[in-house]
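Asks: task: produce atomic coordinates for the following.
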Amino acid sequence: MARPYRFEFEGAFYHITARGNERKKIYRNARDYEKFLEIITGAKGKYGFLLHSYVLMGNHYHLLIETPLPNLTQIMHLINGWYTTYFNIKHQRSGHFFQGRYKSIILEAESHLLGLSRYIHLNPVRAGMVNDPLEYRWSSLNDFIKNKKRQLTDTEMLIKMFQTKKEKGTKNYLEFVYQGKGVNEYNPKDKILSGVFLGGVKFVKEIMKSAYEGELSYELSSRRTIENEIRREQILDFVSRCYNRDIEEIKAKEPGTLEARKFAVYLLRKTTGLKLQKIGEMFGISYKGVYWLYRSFNEQKNKSRKIKKYLKRFEKLSN
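Replies: Residues are numbered from 1 along each chain as shown. Take a look at the predicted model:
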C-alpha cells in the first residue's frame, strides 16, 4: 500500500489526525489527556510550531498547526513517539498503538482555517458528548477565553480575523463556532483533493510546482494521481463557468444541464487518466452512461459554434 503524501515547507498549515489502533482508546483517564498536552507543549518549545486549534477525543485527536520551519515529520515523531512510550509503560501494554501513520492534510489557510477550526471545536458536540462546546475540557476552545487556566493554543490569528474597532475578536470567534452547530456544517472531508490537499486548484498547483522544482521536501507515491485531481477540478470549474450553472446542479442532472454534463464528461475522458467507472461515480451514472455521453458530445462538438468556442478557450487554459 502506498505511503501517504507528505509536503513540508516554511509557513505550511496542517490538519493532523491520528486514531488508536483498532479504534481503541488512546486516553483512558484525565492524566492521559494531561500528559498528551504536556508533550505537545514540549514539542512546541523544541520545534517552534504554532497550534491554532485542537481537540482530544477518546480514540483520536485533531490538531491544526502551522510550521514556520519545514519540520512536520520531526514534530509528529516526537508527539506520537513520546506519548506511545508513556501510555505503554503506564498501562503495561505493547504492540501497535496508533492505527498506521498520522494523517496530515495541508490546507489553504485563507479559505479553510476558520471552517476547520470550528469543525475541530465542534467534534465533542457532534459526538454527543456535550451540548455546549465550552463544556468539553479537552479542546482548545477555552484557550480563547483569557481567564482560563490552560493557554496552550496560539489564538491570535483566529481572534484577529474577528477583531473590529468596536468589538473584541474573542466574542465574535466564539459566536462563529456556535453558529456552526446544526445542519450543513462545514466538513473538510468533502473538499479534500488526493487525500492531502484542502484548498483550490491554484494553491495545489503552486505546491506541486515547488515540489517538482526541489524547493520543498516531500514524499509522493503518485504524481499522476495528483495531476489528474488538479485537472479534474479545473475541468469542473471551467464547465460550470461556461454554462453559468453550479457544478452540483450539473452532476444532479438538473433541467437544462445535459450539454454541460456531456462537455464535462468529454473533457474528463479526453484529458485525464480517469477511467469510465470513476467518471461515472462523479455524476451518479454507470460507465456505459459515461461512454454514451462522451460519444454523443464527440458527434455534436463539430456542429456547434458555441462548443467550438468553449473548446478553444479550454485549449488556451491548458497551455
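
Asks: shaky segments in the stretch 51-200 of the chain?
Replies: Low-confidence segments of the stretch 51-200 of the chain, defined by pLDDT under 70: 146-150, 165-167, 183-184, 194.

Asks: give me the neighbour count for Asn244.
Replies: Residue neighbour count, defined by other CB atoms under 10 Å, stands at 7 for Asn244. (C-beta placed from N, C-alpha, C; glycine too.)

Asks: just the strands in the chain please.
Replies: Per DSSP state E, the chain carries strands over the ranges 6-8, 12-19, 50-56, 60-67, 103-107, 197-198, 217-219.

Asks: pLDDT on the first one, on average?
Replies: Spelled out, that is strand 6-8. In this model, strand 6-8 carries a mean pLDDT of 81.

Asks: buried ones in the lengthiest helix in the chain?
Replies: Longest helix in the chain, counting residues (DSSP state H): helix 223-243. By neighbour count on 16 or more other CB atoms under 10 Å, the buried set for helix 223-243 is 226-236, 238-240, 242-243.

Asks: do stretch 106-120 as well
Replies: So for stretch 106-120, counting by 16+ other CB under 10 Å, buried means 106-109, 112-120.

Asks: narrow the residues you listed to those in helices?
Replies: Using DSSP H, the buried residues of stretch 106-120 in helices are 109, 112-120.

Asks: closest to Lys90 among the residues you listed?
Replies: Checking those against Lys90 by CB to CB gives Ile120 as the nearest, at 26.5 Å.

Asks: got the contact list for that closest one?
Replies: 15, 53-55, 62, 64, 139-140 (CB atoms under 8 Å, 6 or more residues apart in numbering).

Asks: out of those, what pair is the most spread apart?
Replies: Across the contacts of Ile120, the longest distance by CB to CB is 14.6 Å; it joins His15 and Ser139.

Asks: quick check, central residue of the protein?
Replies: Leu198 (3.8 Å; CA atoms, centre = their mean).

Asks: residue contacts, Leu317?
Replies: 234, 238.

Asks: one more: Ile16?
Replies: 61-65, 76, 102-105 are the contacts of Ile16 under CB under 8 Å, 6+ apart.

Asks: the residue nearest to the centre of the chain bridge partners, please.
Replies: Beta-bridge partners for Leu198, by DSSP bridges, are Leu107.

Asks: just to check, it is in contact with Ile105?
Replies: Yes. If you go by CB atoms under 8 Å, Leu198 and Ile105 touch, sitting 5.1 Å apart.

Asks: overlap in contacts, those two.
Replies: 15, 188, 192.

Asks: ok, so of those, who is nearest Asn21?
Replies: Relative to Asn21, the closest of these is His15; by CB to CB it sits at 20.9 Å.

Asks: tell me, how many residues neighbour the closest one?
Replies: 23.

Asks: before we move on, back to that, just among the contacts of Ile16, which is most surrounded?
Replies: Ranking these using other CB under 10 Å puts Leu64 first, with 28 neighbours.

Asks: from Ser111, how far off is the residue nearest to the centre of the chain?
Replies: Here Leu198 is placed at a distance of 8 Å from Ser111 (CB to CB, to the nearest Å).

Asks: do Leu134 as well
Replies: Distance from Leu134 to Ser111, by CB to CB: 26 Å.

Asks: next: Ile120.
Replies: Applying CB to CB to Ile120 and Ser111 gives a distance of 16 Å.

Asks: same deal with Lys309?
Replies: 31 Å.

Asks: can you check Glu34 too?
Replies: 34 Å.

Asks: and Arg118, by the same measure?
Replies: For Arg118, the distance to Ser111 - CB to CB - is 14 Å.

Asks: how many neighbours does the residue lying closest to Lys171 once chain neighbours are set aside have?
Replies: Using CB to CB, 6 or more residues apart in numbering and skipping residues adjacent in sequence, the residue nearest Lys171 is Phe162, 8.0 Å away. Using other CB under 10 Å, Phe162 has 17 other residues around it.

Asks: circling back to that earlier point, just the closest of the shared contacts of Leu198 and Ile105 to Ala264, please.
Replies: Nearest member of the shared contacts of Leu198 and Ile105 to Ala264, counting by CB to CB, is Ile192, at 20.5 Å.
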